[in-house]
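Asker: Coordinates for the following, if possible.
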Amino acid sequence: MSTTTRFFADYAKRVAKCQKCKMQLEKGSLRVGKIVPNFFLKSTDESKPPPDMKQYHHKNCLFEMLFKARPTTKVIDSSDEIEGFDDLTDEDKAEIEKLIGELSEKRKKDGPADGATKTPKKTAVQKRKAEETPEEKTKKSEEINENSKYNSFYKFTKVCEVLKNCEDDEDKIANIEGMIKKKDFDGDLLLIFQLLLRSSDKTKYHVKEKDIIKYFADFLNLEESKIREKDEDVSVTIKKTIEKVAKTEKSDWSIQKVGRFLEKLNTLENDEQRVSHFKFAAKRLGPIEVQYLIRIILKDLRIETEDDVILKGLHSNAPKTYQETNDLEQLINSYKSGGLDKKKAEKKPTQSSKKPPAKKSRKVSESENDESDEMSESEEEISDIDSEDENSDDENGGSNSDSSESDVSSISSMSEDEDGNLKENEKPKMVQKGTRSRPANGIKKVEEKCPDDMEPCRYGSKCYRQNADHKKSFWHPTTH
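Answerer: Residues are numbered from 1 along each chain as shown. You can find the predicted model right below:
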C-alpha cells in the first residue's frame, strides 16, 4: 500500500471498463493503468495508508492523459516504473517504450516542472479565450449537453413509439415539431434526425438479423429457434426475453453514447467481439432500448413513417432541400441559421405577383401580337355580340347601315325636335360606324366623317388597338 501513484500493465482476466473512454477492455487484451490509494475505504489501522485501487485504461488512453498532464504530475519516465512490464509480449513492450520516449521528449520541450519559465495556467487560459475566433466561440456555445433529457435514448424510443401510433402524417409532423420547438429544447438535432432517418445511415455494421439472433442466443443461453418466433419481429422477441431478466426499465444512456456504441460495432472484426459488445449493452439498457438499438442497427425503426414526413417535422422546406443536397448536416445547419425560412419567404412574392391581368391589358396584348387583320378568340366574341346588336336593330328598323358587312355603334345622347330644341331620345339611335355625333360647345352636334382615303375602324372610338400601324390604316372618331 502506498500514498503515491504507481503504474502497472497486464492482460485482462475478465471484461473491464476503461476509465477514460468508458469502452470495454476485452478479456485477454492489454491493459495499463494506475495504482492509487482508495480513500473511499477506511483502514482498520489509522496509522497505515488506505488500501490500493487499480484504474484500468487502454494503452493509448492512459498515455493520452499523461501527455496532457501538468508538469508537476507524476508520469511514467521509464519502463522500470511499470509493474508487470516484464510479463508482456515483446511487441507490447516495444509499443509502450515508444510511447514513453515520446512522452519524455514532450516534457523536456515544455520546460522544467517548477514552472519558473512557464506562463501561469490562468493567464494561458485567458490568452486562449482572447484568441478564439467567432466561429470557435459559436461552436463552443453549441456544444451538445449529453445529460439533456432531449438527448436521452429512452426518450428517443418513446418518440418512435408515438410516431408509430399516430393516426396520420399530420399528427406525426405535429409531434416532431412539438418536441424540437420547445423553449427548453437543447437536444442534438443532427443525431436525432440521423437516428430517425435510417436511410441516411450509410455505415455498414456487418451485422444481419440472423447474426443478432445468434449473438443474443449465445449470452442469454437460449436456442436460436426460441429467439425467432414465427414471423414476429426479432427485436420484439428479444425485448420480451430481456424483460424477464432486466434489472431496470430504462438506462442513463444518451443518444451520443448509442452513437459511440455503433462506431465501435463498426470496427469489430469477429463474432466473439460482437457478442461481448452486445452483451455489454444488453446488461445496461432497458428492454425497449435494446429493441430500438437492434432496429437502428438493422436500419428499420418500424415506425411506419416516411422520410419526408420526418423532415417536415423539422421544416416544411426540409424535404426539398434535403433532396437537392442529400446532406443532413448541411440541412440542420441551414435550419439553425434560418436558411430554410428564407427559402419559404422567397416563394411568397412569386406566388402573390401572379395576379390575373386586367381585361383591357389582355386585349392590348392580344392586339399587339395580331399584326394582320385576323380576329382572336376574344375579338370573335365581341364580333358576335355586335352581330346580335345589328340583328335586333334591323328588326326594329333602327339601322342606318346600307350593307350587312357595315358595323354599327349605338349612342345615347341628346337630339333635336322639329323646333330645334334638344330632347332626350327614348331609345338609342343607331348610326353608321365611322360617324359620331357629339355636342359642339355643349349646344350643337358636329358630325365627324371618315376621310375617303381611309377605312373606318369597326370599333370606332372604343377601339382597343394600340399599335401605330392600325391607327394609320383605319380612321377613328375623336373621343371626349
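Asker: how about the lengthiest helix in the chain: buried residues?
Answerer: Ranked by residue count, the top helix of the chain under DSSP state H comes out as helix 90-110. Across helix 90-110, burial judged by 16 or more other CB atoms under 10 Å covers Asp92, Lys93, Glu95, Ile96, Leu99, Ile100, Leu103, Arg107. Quick note: C-beta positions are derived from backbone N, CA and C, even for glycine.
Asker: Give me the residues contacting that helix.
Answerer: Helix 90-110 is contacted from outside by 9, 30, 32, 59, 63, 66-67, 71, 75-79, 82, 85, 88, 118, using CB atoms under 8 Å, 6 or more residues apart in numbering.
Asker: Run a quick neighbour tally on Ser235.
Answerer: 23 (other CB atoms under 10 Å).
Asker: Please tell me how far it sits from His206.
Answerer: Ser235 is 18 Å from His206, where distance means CB to CB, to the nearest Å.
Asker: and if you look at Asp271?
Answerer: Asp271 is 10 Å from His206, by CB to CB.
Asker: now swap in His315 and tell me
Answerer: 35 Å.
Asker: Of those two, give the one with the bigger neighbour count.
Answerer: His315 (20 against 11).
Asker: For the nearest residue to that one once chain neighbours are set aside, list the residues it contacts.
Answerer: Leaving aside its sequence neighbours, His315 sits nearest to Leu340 (CB to CB, 6 or more residues apart in numbering; 4.4 Å). Residues counted as contacts of Leu340 (CB under 8 Å, 6+ apart) are His315, Asn317, Ala318, Thr321, Ser334.
Asker: May I see the buried residues of helix 90-110 arranged in CSV, with distance to Val15 and pLDDT as well?
Answerer: Below are the buried residues of helix 90-110 laid out as CSV (distance: CB to CB, whole Å; pLDDT from 0 to 100):
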residue, distance to Val15, pLDDT
Asp92, 19, 91
Lys93, 24, 92
Glu95, 22, 91
Ile96, 22, 91
Leu99, 24, 91
Ile100, 27, 90
Leu103, 28, 89
Arg107, 34, 85
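Asker: all strands for the protein, in order.
Answerer: For the chain, the strands defined by DSSP state E cover 6-11, 16-17, 24-25, 30-37, 52-57, 82-83, 408-411, 414-416, 422-424, 429-432, 436-440, 444-448, 455-456, 474-475.
Asker: Comparing those, which yields the minimum mean pLDDT?
Answerer: For those, the weakest mean pLDDT is recorded on strand 408-411, namely a mean of 41.
Asker: The protein - how does it break down into domains?
Answerer: Residue ranges for the domains of the chain, per automatic domain parsing: 6-113, 149-347, 400-480.
Asker: can you redo the ones you listed as a markdown table with distance to Glu143?
Answerer: As requested, the domains of the chain are exported to a markdown table (distance: least, CB to CB, whole Å):
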| stretch | distance to Glu143 |
| --- | --- |
| domain 6-113 | 18 |
| domain 149-347 | 10 |
| domain 400-480 | 67 |
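Asker: What is the burial count for Glu223?
Answerer: The burial count for Glu223: 9, using other CB under 10 Å.
Asker: Quick one: residues contacting it.
Answerer: Ala217.
Asker: One more: the one 5 residues further on?
Answerer: With contact taken as CB under 8 Å, 6+ apart, Arg228 is in contact with Ile213, Val234, Thr237.
Asker: most neighbours per residue, which of the domains of the chain?
Answerer: domain 149-347 (a mean of 16; mean count of other CB atoms under 10 Å).
Asker: pretty sure Lys204 contacts Asn266?
Answerer: Yes - using CB atoms under 8 Å, Lys204 is in contact with Asn266, at 7.3 Å.
Asker: I'd like the distance between the residue nearest to His315 and Lys312.
Answerer: 11 Å.
Asker: rewinding a little: by how many degrees do the longest helix of the chain and strand 6-11 diverge?
Answerer: Angle, helix 90-110 to strand 6-11, by axes from the mean of the first three to the mean of the last three CA atoms, to 10 degrees: 150 degrees.
Asker: Strand 30-37 and helix 90-110, what's the angle between them?
Answerer: 60 degrees.
Asker: In CSV, list the C-alpha atoms belonging to helix 90-110.
Answerer: Output of helix 90-110 as CSV, limited to C-alpha atoms (Å, rounded to 0.1, in the frame of the first residue of the first chain):
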residue,chain,number,x,y,z
ASP,A,90,7.9,-8.2,-27.0
GLU,A,91,5.5,-6.4,-29.3
ASP,A,92,3.6,-4.8,-26.5
LYS,A,93,6.8,-3.8,-24.7
ALA,A,94,8.1,-2.1,-27.8
GLU,A,95,4.9,-0.1,-28.3
ILE,A,96,4.9,1.1,-24.6
GLU,A,97,8.6,2.0,-24.7
LYS,A,98,8.0,4.1,-27.8
LEU,A,99,5.2,6.0,-26.1
ILE,A,100,7.4,6.6,-23.0
GLY,A,101,10.1,8.1,-25.3
GLU,A,102,7.6,10.4,-27.0
LEU,A,103,6.3,11.5,-23.5
SER,A,104,9.8,12.2,-22.2
GLU,A,105,10.6,14.4,-25.3
LYS,A,106,7.4,16.4,-24.9
ARG,A,107,8.0,17.1,-21.2
LYS,A,108,11.6,18.2,-21.9
LYS,A,109,10.3,20.6,-24.6
ASP,A,110,7.7,22.0,-22.3
